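[1] Take a look and give me a structure for this.
(2 chains)
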Amino acid sequence: MLPLYHVDIVINGVLMGAIYALIAVGLNLIYGVSRILNLAHGDLLMLGCVVTYLVYNILGQTPLMALLVIAPLFFLIGGLVNISLIRPLMKFGLERAAVTSVIVTLGVSFIIVDLVLFGSARAGISTFGVSYMLPSVKIFDIYLSSVRLLSLLSILFITIILRLFITRTFLGKKIRALSQNREAALALGVDDSKVSLITFGLGSALAAIAGVFIIMLTAIQATIGMTLTFKALVIIILGGMGSFFGAVAGGLLLGLAESYTMLYLGGMWIPVIDVIILFIVLMSRPRGLFGKEA
Amino acid sequence: MLCIVPLFVTAYITRVIFITLVFITFTVSYNIVGGYLGYVNLGHGAFFALGAYTFVILVTKMKIPIPPSILLGAVVAAAFAGLVSYPLFRLRGAYFSIASWGLVILLNQLAVNLDWLTGGVWGVQLPIPSAEASIPAYYSAIGIMLLATAVSYLIYKGGFGLALFGIREDERVAANFGVNPFKYKCLSMMVSAFFAGLIGAVYVFNIGVINPSTVLSIDVSLAPVVMVLVGGVGTLSGPVVGAAVLTLMQEILWTKTEYFHLLTYGVILVLVGLLMPGGLARSKKLRRIVVR
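    The predicted model follows:
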């Protein structure tokens, strides 16, 4: 029988993995619909953490309550970014837009990070943490953190709703259509700028929601955005581009890998492991586990 | 003309010119992959840092004299680029860009973790007094910048550059015309990395100190991206113009306030991306070398 601490590591890994999966799914949705990789995705997540922090410390509401505020708020923010920055780019044509969007979203990323850095420097804080505690739950002689269980269940719930949305609703079908075959979808009359707008909002909301859970687990700094976007990329490549299930699977795998790395090597090697995993996947099976396109 | 400058002006101005030269070289080298080839290589800063760190490690730990250490720094950076081309160039477009950023993340973490080698977060101090280093560093920088610009020019005008442009415009068509995409991508990245590493080593030689926050921070690593954008991506003079303009702007603006550096870059990126993607070099009002 494995030592009991493995349970803790696995739970941690699965939880982080689930959060990562949320991030990856959000990024993938946006990419699938508009062929734009939002480099500021991780920074929107970081903003979600900051808002949760503010809600918790200033308004005194629990992070899970913050979710109700954050989801619509970031949906709007994502939509705003789309209208103001992405839509004008689209008139350059898809190819040009994809290249320029790297630049523009990078710029947005810088702006967000610097604003948060400035705000936090003024307030005298360098890291944000939310210490939200619930009594532990005991199962089979192991004490489990209720916060983690609750988070895991919430994310599971969100993922299921998301999946239902994508497969059962008309809008979801339009999203899938654009992702799978853009020209055909356009020819069939799908309004890509409207779908793109909504998807940007949706993806951003997902990122921010992930942020709520992240800040409950660890302390964060203003600069984690790009690293998280990178992790989302690793997941998308690991799981396979264009696959919802792949993003989920990839996220869980990465979460577990990181959790075990934390045990055996220490947390500071996690980014290195991420990069190594990326390179291994790219060299051996660039399609990823469940990828549909090369 | 630049050569006689240090005899006449203060050490401060010499240093400003030095930094400008460094960033010009850094940006020109970035432009080979980011501009000519069309692959936005966000990891370019990793080559710069690798050259710098290799130089420092060779000089302090292995007591190798300075000139060969600088060269070796460039070689290591180029070798790393070659190695890393294999996985990276399996990706295209924005995917490639984010993955290449992973190089900076990787190097940053390694620099912090392998503190027996790199001095960790606090870095390493070079046992050379700064005053002694600044003159040879300055002249080296002039030489390297000219060399890098010359190489950039040769690439631009020659068949190598044509291959890169072809890959940038339409990779499959270029391949059909007999251009081996991977070979050119890998080679261009290695050349690009060589100069980045070279100037990275010289930069650190002058500064006398290295740590992750000076060579691997976001604003250093991604500076060439902004600079080349302002100057004109993929043009010959673009990176030079952009780097010069932005470095001077930095010197003037940033000494006023320590905040908002990154924000300025961000705003520039967004504005240029939306309004003037051609950059200064392509602006019809300033007739420069025409690209397309």
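[2] got any ranges where chain A has weak pLDDT?
    Where chain A drops to pLDDT under 70, the residues are A:1-2, A:131-144, A:292-294.
[3] Tell me which stretches of it form helices.
    For chain A, the helices defined by DSSP state H cover A:5-34, A:41-54, A:63-81, A:87-90, A:94-123, A:146-168, A:170-180, A:182-187, A:192-217, A:224-239, A:244-264, A:270-284.
[4] mind saving the C-alpha coords of the last one as PDB?
    In other words, helix A:270-284. Provided in PDB are the C-alpha atoms of helix A:270-284 (Å, rounded to 0.1, in the frame of the first residue of the first chain):
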ATOM      1  CA  ILE A 270       8.500  23.200 -11.800                       C
ATOM      2  CA  PRO A 271       9.000  25.700 -14.600                       C
ATOM      3  CA  VAL A 272      12.000  23.700 -15.800                       C
ATOM      4  CA  ILE A 273       9.900  20.600 -15.900                       C
ATOM      5  CA  ASP A 274       7.200  22.400 -17.800                       C
ATOM      6  CA  VAL A 275       9.700  23.400 -20.500                       C
ATOM      7  CA  ILE A 276      11.200  19.900 -20.600                       C
ATOM      8  CA  ILE A 277       7.700  18.300 -21.000                       C
ATOM      9  CA  LEU A 278       7.000  20.800 -23.800                       C
ATOM     10  CA  PHE A 279      10.200  19.900 -25.700                       C
ATOM     11  CA  ILE A 280       9.600  16.200 -25.200                       C
ATOM     12  CA  VAL A 281       6.100  16.300 -26.600                       C
ATOM     13  CA  LEU A 282       7.200  18.500 -29.500                       C
ATOM     14  CA  MET A 283      10.000  16.100 -30.400                       C
ATOM     15  CA  SER A 284       8.200  12.900 -30.000                       C
END
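[5] any residues touching that helix, and which ones?
    For helix A:270-284, the external contacting residues (CB atoms under 8 Å, 6 or more residues apart in numbering or on different chains) are A:227, A:230-231, A:233-234, A:237-238, A:254, A:257-258, A:261-262, A:265, A:288, B:84, B:86-88, B:90-91, B:99, B:102-103, B:105-106, B:108-110, B:113. No exception for glycine: its C-beta is placed from N, CA and C like everyone else's.
[6] related to what we said a few turns ago, format the helices of chain A as CSV; extra columns: mean neighbour count.
    Formatted as CSV, the helices of chain A follow (neighbours: other CB atoms under 10 Å in any protein chain shown):
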stretch, mean neighbour count
helix A:5-34, 23
helix A:41-54, 27
helix A:63-81, 19
helix A:87-90, 18
helix A:94-123, 20
helix A:146-168, 15
helix A:170-180, 17
helix A:182-187, 13
helix A:192-217, 25
helix A:224-239, 26
helix A:244-264, 21
helix A:270-284, 19
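[7] Which among these is found nearest to B:T257?
    Nearest to B:T257, of all the helices of chain A, is helix A:94-123, at 10.0 Å by CB to CB.
[8] now for that closest one, which elements pack on it?
    Contacts defined by 3 or more CB pairs under 8 Å, 6 or more residues apart in numbering or on different chains; DSSP states H and E place helix A:94-123 against helix A:41-54, helix A:87-90, helix A:224-239, helix B:93-113, helix B:223-231, helix B:261-275.
[9] what does the stretch 1-150 of chain B put close to chain A?
    With CB under 8 Å from any CB of the partner chain as the criterion, the stretch 1-150 of chain B meets chain A at residues B:38, B:40, B:42, B:84, B:86-88, B:90-91, B:93-95, B:97-99, B:101-103, B:105-106, B:108-110, B:112-113.
[10] can you put the helices and strands packed on helix A:94-123 in CSV and add distance to B:M189?
    As requested, the helices and strands packed on helix A:94-123 are exported to CSV (distance: least, CB to CB, whole Å):
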stretch, distance to B:M189
helix A:41-54, 25
helix A:87-90, 27
helix A:224-239, 19
helix B:93-113, 9
helix B:223-231, 14
helix B:261-275, 23
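[11] closest to A:K174 out of those helices?
    That would be helix A:87-90 among those, by CB to CB, at 16.6 Å.
[12] one step back: tell me the buried residues within the residues of the stretch 1-150 of chain B next to chain A.
    B:38, B:40, B:42, B:84, B:87-88, B:90-91, B:93-95, B:97-99, B:101-103, B:105-106, B:108-110, B:112-113 (16 or more other CB atoms under 10 Å in any protein chain shown).
[13] Hmm, B:M190 and B:G82 touching each other?
    Yes - B:G82 is within contact range of B:M190, at 4.9 Å (criterion: CB atoms under 8 Å).
[14] Which one's more surrounded, those two?
    Legend: neighbour count by other CB atoms under 10 Å in any protein chain shown for B:G82 and B:M190, higher for B:M190 (22 against 14).
[15] and the gap between that one and chain A?
    Going from B:M190 to chain A by CB to the nearest CB, to the nearest Å gives 17 Å.
[16] Quick one: list the elements packing against the helix or strand containing B:V220.
    Element membership of B:V220, judged by DSSP states H and E, is helix B:218-221. With contacts defined as 3+ CB pairs under 8 Å, 6+ apart, helix B:218-221 has these neighbours: helix B:44-60, helix B:261-275.
[17] The residue nearest to A:L253 when sequence neighbours are not counted and A:V248, how far apart?
    Excluding the flanking residues, the one nearest A:L253 by CB to CB, 6 or more residues apart in numbering or on different chains is A:L238, at 6.4 Å. According to CB to CB, to the nearest Å, A:L238 stands 11 Å off from A:V248.
[18] do A:S179 as well
    Distance from A:S179 to A:V248, by CB to CB: 16 Å.
[19] same thing with A:I23?
    A:I23 is 11 Å from A:V248, by CB to CB.
[20] Just to check, A:R176 is in contact with A:R168?
    No - using CB under 8 Å, A:R176 makes no contact with A:R168, being 11.1 Å away.
[21] which residues touch B:F160?
    B:L154, B:Y184, B:L187, B:S188 are the contacts of B:F160 under CB under 8 Å, 6+ apart.
[22] Remind me which helix or strand the first one belongs to.
    Read that as B:L154. helix B:130-157.
[23] And the average pLDDT for the next helix or strand after that helix is what?
    Where DSSP H and E defines the elements, the next helix or strand beyond helix B:130-157 is helix B:159-169. Averaging pLDDT along helix B:159-169 gives 89.
[24] can you list contacts of the helix or strand following helix B:159-169?
    Going down the chain from helix B:159-169, the next helix or strand is helix B:171-176, by DSSP H and E. Helix B:171-176 has contacts (CB under 8 Å, 6+ apart) with B:R92, B:A163, B:G166, B:I167, B:P181.
[25] redo that, cut-off 6 Å
    By CB atoms under 6 Å, 6 or more residues apart in numbering or on different chains, the residues outside helix B:171-176 that reach it are B:G166, B:I167, B:P181.
[26] Summarise which helices and strands the helix or strand just after it is packed against.
    Next helix or strand after helix B:171-176 toward the C-terminus (DSSP H and E): helix B:181-207. Using 3 or more CB pairs under 6 Å, 6 or more residues apart in numbering or on different chains; DSSP states H and E as the contact test, the elements touching helix B:181-207 are helix B:11-31, helix B:44-60, helix B:66-88, helix B:130-157, helix B:159-169.
[27] need these in CSV with distance to A:V14, can you?
    Converted to CSV, these look like this (distance: least, CB to CB, whole Å):
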stretch, distance to A:V14
helix B:11-31, 40
helix B:44-60, 32
helix B:66-88, 27
helix B:130-157, 49
helix B:159-169, 42
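[28] okay, these, which one's buried deepest?
    helix B:44-60 (a mean of 28; mean count of other CB atoms under 10 Å in any protein chain shown).
[29] now the angle from that helix to helix B:11-31?
    120 degrees (axes from the mean of the first three to the mean of the last three CA atoms, to 10 degrees).
[30] Would you mind naming what in the stretch 151-292 of chain B lies close to chain A?
    Residues of the stretch 151-292 of chain B found near chain A (CB under 6 Å from any CB of the partner chain) are B:Y259, B:L262, B:L263, B:Y265, B:G266, B:L269, B:V270, B:G273, B:L274, B:P277.
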